[in-house]
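Trainee: Structure, please.
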Amino acid sequence: MLNSAIEMPQILTRLCVLPVCPGAPPAKIPAEVATAAVAGVESAVLGWLECGGQVNAVDHRQATLLMIVSETGHEPLVGSLLSLGASIELRRNDGSTAMMIAAMNGHRQCVRRLVVQRSRLSSQPPSAPLEAARAAPLIPEWAMEFRMSERWRI
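Mentor: Got it, this is the predicted structure:
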């Protein structure tokens, strides 16, 4: 696991890379960082980002760090990623957003944090790609059924 104080500097040393050029496609999340995100080890995740990792990098499922921590319910790390500019509009391979993932797993504090962030974004002028995404949502039927149930209420 990633809880030892000795293991963390070794992982960060291996993962620190030069920053990627702006406009480049999203980078891949290293397995060690994904494992740290699942475990909620904020120092490892934020350390990788400080070393040049991209906040909207994706894993093999096209899941961002925000989606990974939303799935496991690490609300403080959700807040940290949002403050670093993590996008709440990105979707995983199955069409799920970070908010949908948090709701499906019953993480109410994460959902609250993401709703607040979304309301801040909706007060800004919309962009063309964002409007296109809202016009044709890719919400699976099972997610809509979950939303209609009483379990998702905050």
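Trainee: what's the burial count for Glu71?
Mentor: Close neighbours of Glu71, defined as other CB atoms under 10 Å, add up to 20. Yep, even glycine has a C-beta here, placed from its N, CA and C like the rest.
Trainee: Report the secondary structure state of it.
Mentor: helix (DSSP: H, G, I helix; E, B strand; the rest coil).
Trainee: and it, what is it in contact with?
Mentor: For Glu71, the contact set (CB atoms under 8 Å, 6 or more residues apart in numbering) comprises Val38, Ala63, Ile101, Ala102, Asn105.
Trainee: doesn't Gly73 make contact with the fourth one?
Mentor: Put plainly, it is Ala102. Yes. At 7.2 Å, Ala102 counts as touching Gly73 under the criterion of CB atoms under 8 Å.
Trainee: Touching both of those two, which residues are there?
Mentor: In contact with both Ala102 and Gly73: Cys110, using CB under 8 Å, 6+ apart.
Trainee: the more surrounded of these two?
Mentor: Shown here are Ala102 and Gly73; by other CB under 10 Å, Ala102 has more neighbours (29 against 17).
Trainee: pretty sure the more buried one is in a helix, no?
Mentor: Yes. When three-state DSSP is applied, Ala102 is found to be in a helix.
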